[in-house]
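Student: Sharing a model prediction with you, sequence too.
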Amino acid sequence: MNYSELYENKKRGSFDFPIELYYVDESSPRYHMPLHWHLEYELITVLKGSLELSVDGEKTVLNCGDCIWIGDGVVHGGTPKDCIYECVVFDLGTLLHDTPVCKRSATEFLANKNGFTSVLRKGTPAAATADKIFEAMEKEQRGYEWITVGLMWQLMGMLLSLKDGQLFTVDNRTQVNRLKNVLTYIRNRYDSVVTLEELAAVAGMSPRYFCRAFSQITGKTPIAYLNYYRIEAAGERLLMTDETITDIALACGFNDLSYFSKMFAKEKGVSPSQYRKREKAVWSS
């Protein structure tokens, strides 16, 4: 999965079937999921291992067989641990647009401020329905589009019946919205010199308060997250391009090659050259 933009405005699937499936394992670029958000909804299932997620600043862990439904505009990112996971990303607004069936319920669903974001634990009816969605998308048998959309409606009905205590609720919505501005700024400027003062100004906070608020939501200091994002961008370029390591370091905001190599090894456990060699070998096998 390519998470090269924190705000993703990519087209999902086709015009008449705006749903797309992604399979993610250790050989995938951006195996680690940086914080990002998009206007589509997302359904994630863990096939192996575990996935530690941050969802609008709240922490949760998905184990094998668990799923999560993530609403539009929700900031989310994750750290996989010996993990394989799949994601279905879909434009729910388009799917429900001008539908004459259950129009009132559809309007209620789309109006929910958190998009009914909720964890669907293994063994629950909702998780079983989500599994069927992934199965239909994987097999793509004749009529799978109808099956997928029908299962999606069924799952939405289940989510509407959940009690508030089972859903993610965000008390610090203002801070999360400010965080979105900072994440977008990092996406657009990570290849340049970025200071703490700049990021704080984007958030409309003092540097001291901004550091505390940012760390509470992301688990990292602003500069630590900036470097993390730069390394993730560099890792993707190492796999997807033939650019030299020096050129990649410069393109990702590192003017000192030795510092880049040190930071890369700290995040990935290997040097940039070792990472490129190892991951490309996995791809070709």
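Tutor: That came through fine.

Student: What are the buried residues along stretch 266-274?
Tutor: Neighbour counts over stretch 266-274 (16 or more other Cβ atoms under 10 Å) mark 267-268, 272 as buried. All C-beta atoms are positioned from the backbone trio N, CA, C, and that covers glycine.

Student: Alpha carbons only: can I get it in PDB?
Tutor: What follows is the C-alpha trace of stretch 266-274 in PDB, where atoms were taken according to Å, rounded to 0.1, in the frame of the first residue of the first chain:
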ATOM      1  CA  LYS A 266      17.700   3.200  13.900                       C
ATOM      2  CA  GLU A 267      14.300   2.900  12.300                       C
ATOM      3  CA  LYS A 268      14.800  -0.100  10.000                       C
ATOM      4  CA  GLY A 269      17.500  -2.000  11.800                       C
ATOM      5  CA  VAL A 270      19.700  -2.100   8.600                       C
ATOM      6  CA  SER A 271      21.600   0.400   6.400                       C
ATOM      7  CA  PRO A 272      19.900   1.900   3.400                       C
ATOM      8  CA  SER A 273      21.900  -0.300   1.000                       C
ATOM      9  CA  GLN A 274      21.200  -3.400   3.000                       C
END
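
Student: what are the ranges of the helices in the stretch 101-250 of the chain?
Tutor: With DSSP state H, counting those that start in this stretch, the ranges of helices along the stretch 101-250 of the chain come out as 103-111, 125-139, 144-160, 173-189, 196-203, 207-218, 222-240, 245-251.

Student: which residues are contacting the second one?
Tutor: When contacts are taken as Cβ atoms under 8 Å, 6 or more residues apart in numbering, the neighbours of helix 125-139 outside the stretch itself are 19, 21, 43, 45, 65-67, 69, 86, 88, 120-121, 144, 147-148, 151-152, 154-155, 158-159.

Student: let's see 7 Å
Tutor: Outside of helix 125-139, the residues that reach it under the criterion Cβ atoms under 7 Å, 6 or more residues apart in numbering are 21, 43, 45, 65-67, 86, 88, 120-121, 144, 147-148, 151-152, 154-155, 158.

Student: Return the residues in contact with the most centrally placed residue in the chain.
Tutor: A centroid search over the chain (Cα atoms, centre = their mean) returns G77, at 4.6 Å, as the residue closest to the centre. Neighbouring residues of G77 by Cβ under 7 Å, 6+ apart: 33-36, 54.

Student: Poorly predicted segments of the protein, please.
Tutor: In the predicted model, the chain carries pLDDT under 70 at residues 1-16, 97-101, 163-167, 169-173, 281-285.

Student: hmm, try it at 50
Tutor: Residue ranges of the chain with pLDDT under 50: 1-13.

Student: Run through who's touching stretch 178-186.
Tutor: 6-7, 35, 37, 75, 194, 199, 202-204, 214, 217, 226, 229.

Student: Of those residues, just the buried ones, ChimeraX syntax please.
Tutor: Filtering these down to the buried ones (16+ other Cβ under 10 Å) takes a single ChimeraX command:
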select :6,7,35,37,75,194,199,202,203,214,217,226,229
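
Student: And the furthest pair within the contacts of stretch 178-186?
Tutor: Taking Cβ to Cβ, the two most distant members of these are G204 and Y229; they sit 20.9 Å apart.

Student: and the gap between the nearest residue to I231 once chain neighbours are set aside and A251?
Tutor: With Cβ to Cβ, 6 or more residues apart in numbering as the criterion, I231 has its nearest non-adjacent residue at 4.5 Å, and that residue is E267. With distances taken as Cβ to Cβ, to the nearest Å, E267 is found 17 Å from A251.

Student: How about V176?
Tutor: From V176 to A251 the distance is 30 Å (Cβ to Cβ).

Student: can you count the residues close to L51?
Tutor: Other residues near L51 come to 24 when the count uses other Cβ atoms under 10 Å.

Student: Also S27?
Tutor: 15.

Student: How is it assigned, secondary-structure-wise?
Tutor: In the three-state summary, S27 is assigned as coil, counting by DSSP: H, G, I helix; E, B strand; the rest coil.

Student: Would you confirm that it contacts Y275?
Tutor: No - S27 lies out of contact with Y275 (Cβ atoms under 7 Å); the separation is 11.9 Å.

Student: Narrow the contacts of G77 to those in strands?
Tutor: Secondary structure assignment by DSSP state E places 33-36, 54 of these in strands.

Student: Make a PyMOL selection of whichever of those turn out to be buried.
Tutor: The buried residues among those can be selected in PyMOL (16+ other Cβ under 10 Å) with this line:
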select buried, resi 33+34+35+36+54
